[in-house]
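> Sequence plus predicted model, see below.
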Amino acid sequence: MAIDGVAPRFNFDNSFARELEGFYVPWKGSELPAPTVLRLNVGLARELGLDPDVLETAGGAQVLSGSVAPEGGAPLAMAYAGHQFGGFSPQLGDGRALLIGEVIDRVGNRHDIHLKGSGPTPFSRGGDGKAVLGPVLREYLIGEAMHALGIPTTRALAAVLTGESIYRNGAQPGAVLARVASSHLRVGTFQFFAVREETEKIRELADYAIARHYPELVGLPDRYISLLRSVCDAQAELVAKWMHVGFVHGVMNTDNTTISGETIDYGPCAFIDAYDSGAVFSSIDEHGRYAYGNQPYITQWNLARFAETLLDVINPDDSKAAAEQATEVLGSFATTYETAWLAGMRKKLGLSIEEAEDLELAHGLFDVLQGKGVDYTRFFRALSSVTRGDAAMVRTLFGDPGDVPVSFNTWLESYRQRLSREKREPLSRAAGMDAVNPVYIPRNHMVEEALDAAVAGDLSLFDALLGVVTAPFVEQEGRDEYAQPAPDDFGRYVTYCGT
Ligand code: AMP
Ligand code: MG
């Protein structure tokens, strides 16, 4: 199929296609009669050196939906395996996605441009290869919110309507998400070749991942164990950031665990409202495997699966020694995570000097908050008032004055004493806290409302919500409803593995 009108131009350099033959199937998206760009991330397009005006034309929509391959692209479906809810699938792969190519952005960084919902591939396993509008816009919205919160993530470049009707509990508008990632290498990519005992391919893949994400390790004799360490560090930093903002990924399978340390695949994800370490939203997570408080342990479990794929290259001659080295690296995950988590908690609490008891103070707070129905986001935002000398706002979050537990008063007293040892002037401390404790997160009830309206053809709520959550740290005039918890009649929030 030829492009309609002006062809969008990309500064492609397709290293994956060029260097890793055998790790993918060259492929094409399904042809569509008249795709249209519904939303374009204009700022991101510019960063990538793309012309937003052209991307929004018919030709742009054809490329961003996978209907026509762009000039210079090398569209392909990637092979990967993965542990899903603990059970291993030796073959998953891009069943409804296409890597159309890698672009080098204006400052020289490399990004995958990847389409989700572009049609069936050899990895579809009976699936239709399609995506529908609600989940596509959810990934757009949550990914952009995460980016604005300072959390490494894939990002949406565009949501494209395909013009098709797709059946998912009734007819839904078909859509494609064009997303950008620093790469789509996953733990599952390594697992695909490890389970087939293709050691040479694991070595190639590891060298590729090192060159792309951890170039400081290129050529080092111990680079494979160092790769494991670097990925462990990146993932520990990432999951600590999720915990800081109350994000629950919901489907932390090894095929959704990146080598780069970016968040990927926003399906049944949600932000906690009331603090609850056991919060689970996904309808299929019956046993709470991916509950909020479990996420650091699951990350470590996923990294252990990654380590297993590397053993034969870490030390080809001595598998016992390789396993010992890998175990030691995995064993340090808990400390790396705790250090990252505590560093972030100090910022949230406004602590600029480091004291040994800070960890206990932070953990103590969550012991107090557990099960009290206190809104997590509002609590931390209100904490800057405490440092300014006013604790009334945090107290009201517990309900009536009589609902404030004694344990909270005790904690508050230790917190105040701890603050008294800080050198920083209270106003500047409060400003520092407000720069890390968001006013706005994508509230579940707001997300649902916006997506329902969007699917029915009205994007005004989606646009307004996107505007609010992409400036999360600044109070916006007239936007207070976006900072409020769900009304009581919203009930328990359940998310679905949206396909
Ligand atoms: P995800 O839940 O998006 O991480 O996908 C997990 C696996 O299922 C991946 O291999 C996807 O390519 C595949 N998959 C999900 N939805 C579909 C679909 N509609 N058609 C084909 N494959 C799919
Ligand atoms: Mg996935």
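Right, received. Where do you want to start? Numbering: from 1, shown residues only. Ligands and ions are numbered 1, 2, ... in the order given.

> okay, now the closest residue to ligand 1 within the stretch 151-300 of the chain: neighbour count?
Of all residues in the stretch 151-300 of the chain, D265 sits closest to ligand 1, at 4.6 Å by CB to the nearest ligand atom. C-betas here are computed from N, CA, C, even on glycine. D265: 22 surrounding residues under other CB atoms under 10 Å.

> show me the contacts for the residue lying closest to it once chain neighbours are set aside.
Excluding its sequence neighbours, the residue lying closest to D265 (CB to CB, 6 or more residues apart in numbering) is N256, at 4.5 Å. Under the criterion of CB atoms under 8 Å, 6 or more residues apart in numbering, the neighbours of N256 are 82, 186, 188, 249, 264-265.

> hang on, the earlier thing: go ahead and confirm the residue of the stretch 151-300 of the chain closest to ligand 1 touches G250.
No - with contact defined as CB atoms under 8 Å, D265 does not count as touching G250 (9.3 Å).

> As a check, name the ranges of all strands in the protein.
24-26, 36-40, 76-78, 82-84, 87-89, 97-104, 110-116, 131-132, 155-167, 171-181, 247-248, 270-271 (DSSP state E).

> With distance to ligand 1, mean neighbour count and mean pLDDT added, can I get those in JSON lines?
Written out in JSON lines, the entries for these read as follows (distance: least, CB to the nearest ligand atom, whole Å; neighbours: other CB atoms under 10 Å; pLDDT from 0 to 100):
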{"stretch": "strand 24-26", "distance to ligand 1": "13", "mean neighbour count": "16", "mean pLDDT": "98"}
{"stretch": "strand 36-40", "distance to ligand 1": "19", "mean neighbour count": "21", "mean pLDDT": "98"}
{"stretch": "strand 76-78", "distance to ligand 1": "9", "mean neighbour count": "25", "mean pLDDT": "98"}
{"stretch": "strand 82-84", "distance to ligand 1": "7", "mean neighbour count": "20", "mean pLDDT": "98"}
{"stretch": "strand 87-89", "distance to ligand 1": "8", "mean neighbour count": "13", "mean pLDDT": "98"}
{"stretch": "strand 97-104", "distance to ligand 1": "6", "mean neighbour count": "24", "mean pLDDT": "98"}
{"stretch": "strand 110-116", "distance to ligand 1": "7", "mean neighbour count": "23", "mean pLDDT": "98"}
{"stretch": "strand 131-132", "distance to ligand 1": "7", "mean neighbour count": "24", "mean pLDDT": "98"}
{"stretch": "strand 155-167", "distance to ligand 1": "9", "mean neighbour count": "22", "mean pLDDT": "98"}
{"stretch": "strand 171-181", "distance to ligand 1": "10", "mean neighbour count": "24", "mean pLDDT": "98"}
{"stretch": "strand 247-248", "distance to ligand 1": "15", "mean neighbour count": "25", "mean pLDDT": "98"}
{"stretch": "strand 270-271", "distance to ligand 1": "15", "mean neighbour count": "26", "mean pLDDT": "98"}
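
> Using CSV, please lay out those strands together with distance to D400.
Converted to CSV, these look like this (distance: least, CB to CB, whole Å):
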stretch, distance to D400
strand 24-26, 59
strand 36-40, 43
strand 76-78, 55
strand 82-84, 45
strand 87-89, 47
strand 97-104, 50
strand 110-116, 47
strand 131-132, 44
strand 155-167, 42
strand 171-181, 44
strand 247-248, 29
strand 270-271, 26
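
> Could you dump those into a markdown table with distance to ligand 2 added?
As requested, the strands of the chain are arranged in a markdown table below (distance: least, CB to the ion, whole Å):
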| stretch | distance to ligand 2 |
| --- | --- |
| strand 24-26 | 16 |
| strand 36-40 | 22 |
| strand 76-78 | 11 |
| strand 82-84 | 8 |
| strand 87-89 | 11 |
| strand 97-104 | 8 |
| strand 110-116 | 9 |
| strand 131-132 | 12 |
| strand 155-167 | 15 |
| strand 171-181 | 11 |
| strand 247-248 | 16 |
| strand 270-271 | 17 |
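
> Stretch 279-296: how far from the chain's middle?
16 Å (CA atoms, centre = their mean, to the nearest Å).

> How about stretch 258-265 and ligand 2, touching?
Yes - under the criterion of CB under 5 Å from the ion, ligand 2 is reached by stretch 258-265 at D265.

> For that stretch, measure first residue to last.
Terminal residues of stretch 258-265 lie 10 Å apart, using CA to CA, to the nearest Å.

> what do you get for stretch 175-194?
One end of stretch 175-194 sits 34 Å from the other (CA to CA).

> tell me how far that stretch is from the chain's mean position?
What separates the centre of stretch 175-194 from the centre of its chain is 13 Å, taken as CA atoms, centre = their mean.

> For the residue of the stretch 151-300 of the chain closest to ligand 1, list the residues it contacts.
For D265, the residues meeting the contact criterion (CB under 8 Å, 6+ apart) are 139, 154, 251, 256.

> The nearest residue to the third one once chain neighbours are set aside: neighbouring residues, count only.
By that I understand V251. Spatially, and ignoring its direct neighbours in sequence, V251 is nearest to G267 (5.1 Å; CB to CB, 6+ apart). G267 sits with 19 neighbouring residues when counted by other CB under 10 Å.

> who in this protein is up against ligand 2?
That would be 256, 265, which are the residues of the chain within reach of ligand 2 (CB under 5 Å from the ion).

> ok, now with 8 Å
Contact residues of the chain with respect to ligand 2, defined by CB under 8 Å from the ion, are listed as 82, 92, 186, 251, 253, 255-256, 264-265, 267.

> Cool, thanks, talk later.
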